[in-house]
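Engineer: Requesting a structural model of the entry that follows:
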Amino acid sequence: MRKRSLTLFSDGNLLRRENTLYFHNAKMEKPKPLAVEGIYDIYVYGHVNISSQALHYLAQKGIAVHFFNHYGHYDGSFYPREKLHSGDLVIKQAEHYLSREKRLKLARLFVKGSALNMERNLKRWKVADGFDEELEELLGELGEARKITDVMNVEARIRQGYYSRWDEHLPEGFRIVKRMRRPPGNEMNALISFLNSRLYATIVSELYNTQLVPTVSYLHEPGERRFSLALDLSEIFKPAIADRIATRLVKQGIIRKEHFRSELNGVLLTKEGMKLVLEHYNRELAKSVKHPGLKKNVTKQRLIRLEAYKLIKHLVGVREYEPLVAWF
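Structural biologist: Numbering: from 1, shown residues only. Presented below is the predicted three-dimensional model:
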């Protein structure tokens, strides 16, 4: 059975009876049983109470649960105890963080991969005029960067050029104008933030199923309350997955003005808008592409796990890490 992500939008209760998980709320005559063996991870957008017995059961099954607030912003995750961690790999991860040169190398590669995926998008959308020259100069600066703050500064400037050109491809009324996150200042900013938030949680789930420690990172500073390695990897996949979905949704008129609401002095997706976006997001991740290295079809979600495996090979000295540049 192929496992799938479960998204809960409704308010209710998640509980366990014997070896079965149930979801129940006031609108249901009786609790709905959930096929735990078919669940990969759970995303909670509603107000859901989870019993301790249910959490114990989810932990036994290795199912991560990601929580989002009323506005669709990521709040945190129930991250079951890691069952795959390798002491040797943990040491290697830490070594690459503590070594200035090793950390800088990985940080630069994450930014380079992100930049090349942005370039692919702009060429795909036929708005790449001048970006090649601009990017060549900035990647030169990236190679000379001697501090993580310098790497982040180059990344911000690459992204600024990317957003200004991306806007040329977007329909009137769905321009980014200026990237604003909390709260998003317009519809496109709201859509991008929502997709990035879900992508981050997806990457957290994928990291859980590897031997990597998700709190040890290289581009982003490790923090007590975040899985910063997921932020590193998200730089690769935001342009390759989230930005493309956002563009398609507004260009094809699938997401419209009525799918947003004004709140928190900003703009947010409505519940109906969130559901529609996630329908297309899940569909996109389930699409298969021919992997040039493996010579077989893999889903786009699987590409995230494969990227983590590539990072592991770099950390243990098997093969130098090369970031994914979308060929699809």
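
Engineer: tally of neighbours for Arg108?
Structural biologist: Other residues lying near Arg108 total 23 when counted by other Cβ atoms under 10 Å. Quick note: C-beta positions are derived from backbone N, CA and C, even for glycine.

Engineer: helix, strand or coil for it?
Structural biologist: helix (DSSP: H, G, I helix; E, B strand; the rest coil).

Engineer: surely it meets Leu142?
Structural biologist: Yes: with contacts counted by Cβ atoms under 8 Å, Arg108 reaches Leu142, the gap being 5.5 Å.

Engineer: okay, and the common contacts of those two?
Structural biologist: Residues touching both Arg108 and Leu142 (Cβ atoms under 8 Å, 6 or more residues apart in numbering) are Val151.

Engineer: burial of Tyr97, as a residue count?
Structural biologist: Neighbours around Tyr97, by other Cβ under 10 Å: 17.

Engineer: Let me see the contact set for it.
Structural biologist: Counting by Cβ under 8 Å, 6+ apart, the residues that Tyr97 touches are 103, 216-218, 222.

Engineer: All the helices of the stretch 151-300 of the chain, residue numbers only.
Structural biologist: 187-208, 228-237, 243-251, 271-286, 300-315 (DSSP state H, counting those that start in this stretch).

Engineer: need the ones you listed in CSV with mean neighbour count, can you?
Structural biologist: Below are these laid out as CSV (neighbours: other Cβ atoms under 10 Å):
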stretch, mean neighbour count
helix 187-208, 24
helix 228-237, 24
helix 243-251, 20
helix 271-286, 17
helix 300-315, 19
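
Engineer: Which one, of these, ends up nearest to Lys27?
Structural biologist: Lys27 sits nearest to helix 271-286 of all those, at 14.9 Å, using Cβ to Cβ.

Engineer: Show residues contacting the closest one.
Structural biologist: 5, 7, 9, 45, 72, 191, 194-195, 198, 202, 241, 244-245, 248-249, 254-255, 259-260, 269, 299-301.

Engineer: average pLDDT across that helix?
Structural biologist: Mean pLDDT, helix 271-286: 97.

Engineer: Check the offset of it from the chain's centre.
Structural biologist: Chain-centre distance of helix 271-286: 14 Å, with Cα atoms, centre = their mean, to the nearest Å.

Engineer: any idea of the angle that helix forms with helix 187-208?
Structural biologist: Helix 271-286 and helix 187-208 are oriented at 50 degrees to each other (axes from the mean of the first three to the mean of the last three Cα atoms, to 10 degrees).
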